[in-house]
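below are the sequence and a predicted model; questions follow.
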Amino acid sequence: MAIREILVIPDKRLREVSKPVTAITDEVRALVEDMYETMYDAPGIGLAAIQIGVPLRVVTTDCSAREEEAEPLTLINPEILELSGEDVPYEEGCLSIPDYYDEVARPAHARVRYMDIEGQTHEIEVDGLLSTCIQHEVDHLDGKLFIDYLSTLKRSRVMTKFKKAARLREKAAAAG
């Protein structure tokens, strides 16, 4: 297991559409282990494989409180089959947009089909934070970020801030 580097905007890979997993291999199992280690270390409640530079449709989540027993959920090739209920606002953050949070309204309930790490297909109904988390992570698999739900002005400010930070990191790396 290894903690992987999390991609940060404006990295263009975050806009890639991830490809389906065609077989549960040792490489996929190792990827999932690395994703959990990376997610817990960050700390976060969800991680899409593309966030660590792997364009596969793999998501790890754990929405349990840190002081409670872990409730990891691995979703391979997740498909949102249905969204329902009133849109519920949650303050979202993203490991690929560190230290930035904003309110996003998403449907309260989701019905999701996915494969587990054993290759078994499941269908679940989720609501609350887990519904929001899964919708957020599936967006990543489709090249979409939570800031895409914000106003043009807010999104522009966030992107400008992170592009400037990326330029400063590049200058520092070139000088050092």
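In hand now; what should we look at?

which one is Arg29 nearest to, not counting chain neighbours?
Here the nearest residue to Arg29 in space, its sequence neighbours aside, is Ile117; by CB to CB, 6 or more residues apart in numbering that works out to 6.2 Å. In short, each C-beta sits where N, CA and C put it, glycine included.

following the longest strand along the chain, which helix or strand shows up next?
Within the chain, and with DSSP state E defining each element, the longest strand by residue count is strand 73-94. Beyond strand 73-94 on the C-terminal side, the first helix or strand identified by DSSP states H and E is strand 97-115.

now do that next one: distance to the chain's middle.
9 Å (CA atoms, centre = their mean, to the nearest Å).

do stretch 158-169 as well
Stretch 158-169 sits 21 Å away from the centroid of its parent chain (CA atoms, centre = their mean).

list the buried residues in that stretch.
Applying a neighbour-count criterion of 16 or more other CB atoms under 10 Å, one finds 158, 162 buried in stretch 158-169.

can you list contacts of that stretch?
By CB atoms under 8 Å, 6 or more residues apart in numbering, the list of residues contacting stretch 158-169 from outside reads 8-10, 97, 100, 147, 150.

only alpha carbons, please: show the least confident helix or strand in the chain by mean pLDDT as CSV.
Taking mean pLDDT, DSSP states H and E as the measure, helix 152-175 is the helix or strand of the chain with the lowest mean score, a mean of 92. What follows is the C-alpha trace of helix 152-175 in CSV, where atoms were taken according to Å, rounded to 0.1, in the frame of the first residue of the first chain:
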residue,chain,number,x,y,z
THR,A,152,-19.2,31.7,-13.1
LEU,A,153,-17.7,34.4,-10.9
LYS,A,154,-17.0,32.0,-8.0
ARG,A,155,-15.6,29.3,-10.3
SER,A,156,-13.4,31.9,-12.1
ARG,A,157,-12.0,33.2,-8.7
VAL,A,158,-11.1,29.6,-7.6
MET,A,159,-9.4,28.7,-10.9
THR,A,160,-7.4,32.0,-10.9
LYS,A,161,-6.2,31.4,-7.3
PHE,A,162,-5.1,27.8,-8.1
LYS,A,163,-3.5,28.7,-11.4
LYS,A,164,-1.5,31.3,-9.6
ALA,A,165,-0.4,28.8,-7.0
ALA,A,166,0.6,26.3,-9.7
ARG,A,167,2.7,29.0,-11.4
LEU,A,168,4.4,29.8,-8.1
ARG,A,169,5.1,26.1,-7.5
GLU,A,170,6.6,25.8,-11.0
LYS,A,171,8.9,28.8,-10.4
ALA,A,172,10.0,27.5,-7.1
ALA,A,173,10.7,24.0,-8.6
ALA,A,174,12.7,25.6,-11.4
ALA,A,175,14.7,27.8,-9.0
